[in-house]
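[1] starting from these lines, generate the structure:
(one chain, ligands or ions: 1)
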Amino acid sequence: MMMRRLTCTRALLTHFRFIATEVTSSLLTNPSPITPVDQAHLIQVCTILYQQHNSPDLRLHSSLSSCNLRINSEFFLQVCNTFPYSWRPVYRFFLYTKTLPQFSHNSVTYNKMVDIIGKSRNIQLLWEILQEMGSCSLVNDKTFRIALRTLASARELKKCVDLFHVMNGYGFRYNLETLNNVVESLCKDKLVDEAKFMVFKLTEWIKPSGVTYRWLIWGFCNVGELIEASKIWNMMVDEGFKPDIEAVERLMETLFKINKYDEAMKVFQMMRVKRMDDLGLSTYRLVIKWMCKRGKIEVGNMVLDEMRQRGIQPDNLTLGSMIYGHLVRGRVNEAYRVVEGIQNPDISVYHGLMKGLLRLRKTCEATEVFRQMIKSGCEPIMHTYIMLLQGHLGKRGRKGQDPSVNFDTIFVGGLVKAGKTVEATKYVERTMKGGMEVPQFDYNKFLHYYSNEEGTVMFEEVGKKLREVGLFDLADIFERYGQKMATRDRRRSRAVEP
Ligand SMILES: *[C@@H]1O[C@H](CO)[C@@H](O)[C@H](O)[C@H]1NC(C)=O
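    Next comes the predicted model:
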């Protein structure tokens, strides 16, 4: 008998997921001493709950009672963590704990259970428990967030609205802050339609604020529904709220991203006409970035002039965009003139310059910028290397003449060595079959495979070979990577060790 119970317990151990994070953090933050949860007890209880989840209450309760539990909130939370997606064992344990005179539930334990009931989509039970929490005054903002996430994703729209009414009935009064809190979390979960429905059905009781509208605009932009976003926008303006600058920028950025440049510029224009005082560096930077990306350097210049006239100095990122913008249009001299005007350029300036030069296929010159930036004390980052390698070798990786240093040897061979034979075969197959699209080579992954001691050695060797055949640019790039980047993480972690 004893034997059987033991094996069974061990088998169950692997079934249960003991997630202790919540408990540990409350242990750390709660000043009152908490008796740590007895793991053997926990396993025993969870085993009973698991095995007897269909037994009648009487039998289950008597089994649980035979454990002689000393239950506290932590214990309950740990049981919840063991069954994160199944309401039944948790709820049945909850019913049992209610029969214990020495223990009472609080908002934390209730919220935890509500979360699990919600995740297992038992709307009926959820609704009952919420009422119970309301009548015990244990509802808080977190309860609202958890409950509404469930109700909204189950498209229980009427209940979403009703929750506010019901809770108001229990003394948890209509509250703008709670509403905004909920709207924010719904929008972040991409439940913006549901959030909007709720807000508009509640206007009679809770008047939305600028914050409410801002989240809705953000939410619609976030899911790419611009028409809805602009409707909310207009409504907000009609109600006399000023959309804050973050909402404005979010909208503009979304418009730029989906190639609605004219629409984005209309918003910018509206801001210039109506709210010039609110326009600062961040909005100008955004417009300049996208104008330059598209090669509209004239517009970029005008915007730059305007911000300067208003006493706003462009930062490195903005100037980096301008440099790139000039280069997109082949104006190399203008680009360098901008660079020369910057006293202490940071990496974004160099990146703008390199990216533009590479686009003009001036790979030598771009590599010279790379050397220059190192000389001036600005260390390249992963993005720098990927950009340069793509520039030199093409997004798909070009074959070289000399077999000892061509793309296949370095990269495909490198992948094979890193144990990535499948990927390697894929590249080889595609390159061999002429005319077929070769997939974009993942330089990022490749460099990461070799971010270790082995990489340091390999990049040095590759560098030597490349030099022998006169490919000095590539040699410099790889060598620098091997020296500075390959063991960067290890050096970093070594630095923090005592
Ligand atoms: C660019 O960045 C560097 C380093 O952070 C800083 O010293 C310099 O003032 C910045 N330049 C501009 C134009 O913002």
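[2] please save the CA atoms from the helix or strand where Lys159 lies in PDB.
    Secondary structure assignment for Lys159, by DSSP states H and E: helix 157-169. This file holds the C-alpha atoms of helix 157-169, laid out as PDB (Å, rounded to 0.1, in the frame of the first residue of the first chain):
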ATOM      1  CA  LEU A 157     -20.400  41.800 -24.200                       C
ATOM      2  CA  LYS A 158     -23.500  42.400 -22.200                       C
ATOM      3  CA  LYS A 159     -21.900  40.900 -19.100                       C
ATOM      4  CA  CYS A 160     -18.900  43.100 -19.600                       C
ATOM      5  CA  VAL A 161     -21.100  46.100 -19.100                       C
ATOM      6  CA  ASP A 162     -23.200  44.400 -16.500                       C
ATOM      7  CA  LEU A 163     -20.200  43.800 -14.300                       C
ATOM      8  CA  PHE A 164     -19.900  47.500 -13.600                       C
ATOM      9  CA  HIS A 165     -23.600  47.700 -12.700                       C
ATOM     10  CA  VAL A 166     -23.600  44.700 -10.500                       C
ATOM     11  CA  MET A 167     -20.500  45.800  -8.700                       C
ATOM     12  CA  ASN A 168     -21.900  49.200  -8.200                       C
ATOM     13  CA  GLY A 169     -24.800  47.500  -6.500                       C
END
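[3] and the following helix or strand past that helix, what other elements does it pack with?
    Where DSSP H and E defines the elements, the next helix or strand beyond helix 157-169 is helix 176-188. Counting contacts by 3 or more Cβ pairs under 8 Å, 6 or more residues apart in numbering; DSSP states H and E, helix 176-188 is packed against helix 141-153, helix 192-202, helix 210-222. For glycine as for every other residue, the C-beta is placed from the backbone atoms N, C-alpha and C.
[4] next, the contact list for the residue in the stretch 51-200 of the chain that the ligand sits nearest to, please.
    Nearest to the ligand, among the residues of the stretch 51-200 of the chain, is Lys188, at 32.0 Å (Cβ to the nearest ligand atom). By Cβ atoms under 8 Å, 6 or more residues apart in numbering, Lys188 lies in contact with Gly219.
[5] roughly how far does it sit from Leu286?
    Lys188 is 22 Å from Leu286, where distance means Cβ to Cβ, to the nearest Å.
[6] let's see the pLDDT reported for the residue most central in space within the chain.
    In the chain, the centroid-proximal residue (Cα atoms, centre = their mean) is Lys188; its distance is 10.7 Å. What the model reports for Lys188 is a pLDDT of 94.
[7] what does the one 4 residues further on give?
    According to the per-residue confidence, Val192 scores 97 in pLDDT.
[8] contacting residues for it?
    Val192 makes contact with 186, 216, 219-220, 222-223, 225, 228, according to Cβ under 8 Å, 6+ apart.
[9] would TSV of those residues with distance to the ligand and neighbour count be doable?
    Formatted as TSV, these follow (distance: Cβ to the nearest ligand atom, whole Å; neighbours: other Cβ atoms under 10 Å):
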residue	distance to the ligand	neighbour count
Leu186	38	27
Leu216	35	29
Gly219	33	27
Phe220	34	26
Asn222	30	16
Val223	35	15
Glu225	36	16
Glu228	37	18
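[10] okay, the residues you listed in CSV with distance to Asp141 next?
    Below are those laid out as CSV (distance: Cβ to Cβ, whole Å):
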residue, distance to Asp141
Leu186, 13
Leu216, 19
Gly219, 18
Phe220, 23
Asn222, 22
Val223, 24
Glu225, 27
Glu228, 26
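[11] which of the residues you listed lies closest to Leu389?
    Asn222 (33.0 Å; Cβ to Cβ).
[12] against Phe241, how distant is that closest one?
    20 Å.
[13] please apply the same query to Arg70.
    54 Å.
[14] which of the two has more residues huddled nearby?
    Neighbour totals were compared for Arg70 and Phe241, and Phe241 leads with 18 against 13 (other Cβ atoms under 10 Å).
[15] so who does that one touch?
    Taking Cβ under 8 Å, 6+ apart as the test, what Phe241 contacts is 209-210, 213.
[16] got a PyMOL select line for the buried ones in those residues?
    Burial among the contacts of Phe241 is assessed by 16 or more other Cβ atoms under 10 Å; the matching PyMOL selection reads:
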select buried, resi 210+213
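[17] which of the contacts of Phe241 has the weakest pLDDT?
    Out of the contacts of Phe241, that is Gly210, at 89.
[18] how about that residue, nearest residue that isn't a chain neighbour?
    Counting by Cβ to Cβ, 6 or more residues apart in numbering, Phe241 is the residue found nearest to Gly210 once chain neighbours are left out, at 4.4 Å.
[19] who are the packing partners of the lengthiest helix in the chain?
    If you go by DSSP state H, the chain has its longest helix at helix 453-468. Judged by 3+ Cβ pairs under 8 Å, 6+ apart, the packing partners of helix 453-468 are helix 472-480.
[20] what is the mean pLDDT for stretch 266-286?
    92.
[21] stretch 140-158 now?
    96.
[22] run through who's touching it.
    Here stretch 140-158 has contacts from 107, 110-111, 114-115, 117-119, 121, 123, 126, 130, 133, 159-160, 163, 167, 177-178, 181-182, 185-186, 189, 191, 194-195, 197-198, using Cβ under 8 Å, 6+ apart.
[23] can you tell me which of those residues are classed as buried?
    Members of these classed as buried by 16+ other Cβ under 10 Å are 107, 110-111, 114-115, 117-118, 126, 130, 133, 159-160, 163, 167, 178, 181-182, 185-186, 189, 191, 194-195, 197-198.
[24] pull up the residues of the stretch 251-400 of the chain that are close to the ligand.
    Neighbours of the ligand within the stretch 251-400 of the chain, by Cβ under 6 Å from any ligand atom: 315-316, 342, 344, 346.
[25] give me the spatial nearest neighbour of the closest residue to the ligand within the stretch 351-498 of the chain, chain neighbours excluded.
    Of all residues in the stretch 351-498 of the chain, Cys378 sits closest to the ligand, at 8.6 Å by Cβ to the nearest ligand atom. Distances taken as Cβ to Cβ, 6+ apart place Ile347 nearest to Cys378, at 5.6 Å, with adjacent residues excluded.
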